[in-house]
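K.L.:
Sharing a sequence plus its predicted fold:
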Amino acid sequence: MILEVVKNIDPITKLLGDWLFEINIFSILIRLFLAILFGGLIGGERATKKQAAGLRTYILVCAGACIVMITNQFIYESFDTGDAARLGAQVISGIGFLGAGAILVTSRNQIKGLTTAAGLWACACMGLSIGIGFYTLSLFGFIVILIVLTLLPKLESLVNMRAIRMEIHIELDTRHSLKSLVEFLREKGITIISLEHNQAYSSSGLSVYTIFILLPDKKFHHKDFLIELKELDFVNYVEELFK
């Protein structure tokens, strides 16, 4: 019943014929090709940004999810038993382990890999829709995922640069320079929300901190502020942290 509903509402299947939804050699090849193509294009974009999960990872995730749903459809139709979504549900929950492995906390207390983990999960979901023959959703899902990964980072960066809250990683020459830094921030009208000493750099001879601050207003541009910090004599290095 569930599979019949998918077949009847998918515009691409209606346009090209029911054979595209049925289990046959041609539909299997088309589904696997789309999974490899869509997964590869998304993975290629991630690879250009030097992400841990790149071309091969995304292809394997998408193609694997596609194979699972084709198998699920085969079992459901051949034996007329079971749940048409059971294997797919296991993929959605199981991909979490792979995503969790992509998330890490750096020595600068910065969380990395959240977008990679979310991208892998979304790619697996896209693979499931390809595998069950929901081609229209697969196509639009691919477009949405690709837009989010390629275009939205620029918008996100613009929004972050105008945010009133800011988290920075800063390396001072000595611990005594912290007082000078606090005075500098107060002169700018900046409120320190939290300040954490980073023990990971204790052997470097530097005094390193992660500071969460509240800027006076949204006109306070982050890049200009970072340039001012870098020009201070007691600051060795500074950068903004993004979650």
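P.N.:
The structure has been received and is ready for your questions. Numbering: from 1, shown residues only.
K.L.:
Could I get the contacting residues of residue 100?
P.N.:
The contact partners of residue 100, by C-beta atoms under 8 Å, 6 or more residues apart in numbering, come to residue 117. For the C-beta atoms, the positions are set from N, CA and C on the backbone; glycine is no exception.
K.L.:
please redo it, this time with the cut-off set to 10 Å
P.N.:
By C-beta atoms under 10 Å, 6 or more residues apart in numbering, residue 100 lies in contact with 113, 117.
K.L.:
Most remote residue from the middle of this structure, which is it?
P.N.:
Distance from the C-alpha centroid of the chain, by C-alpha atoms, centre = their mean, peaks at residue 176 (39.1 Å).
K.L.:
does it really touch residue 207, like I thought?
P.N.:
Yes. Between residue 176 and residue 207 there is a contact under C-beta atoms under 10 Å: 8.2 Å.
K.L.:
shared neighbours of these two, anything?
P.N.:
residue 234.
K.L.:
Name the nearest residue to the residue nearest to the spatial centre of the chain, sequence neighbours excluded.
P.N.:
What sits nearest the mean C-alpha location of the chain, by C-alpha atoms, centre = their mean, is residue 115, with 1.4 Å. Spatially, and ignoring its direct neighbours in sequence, residue 115 is nearest to residue 149 (7.4 Å; C-beta to C-beta, 6 or more residues apart in numbering).
K.L.:
In the helix or strand containing the one you found, which residues are buried?
P.N.:
Element membership of residue 149, judged by DSSP states H and E, is helix 135-150. Going by neighbour count (16 or more other C-beta atoms under 10 Å), the buried part of helix 135-150 is 135, 137-139, 141-142, 145, 148-149.
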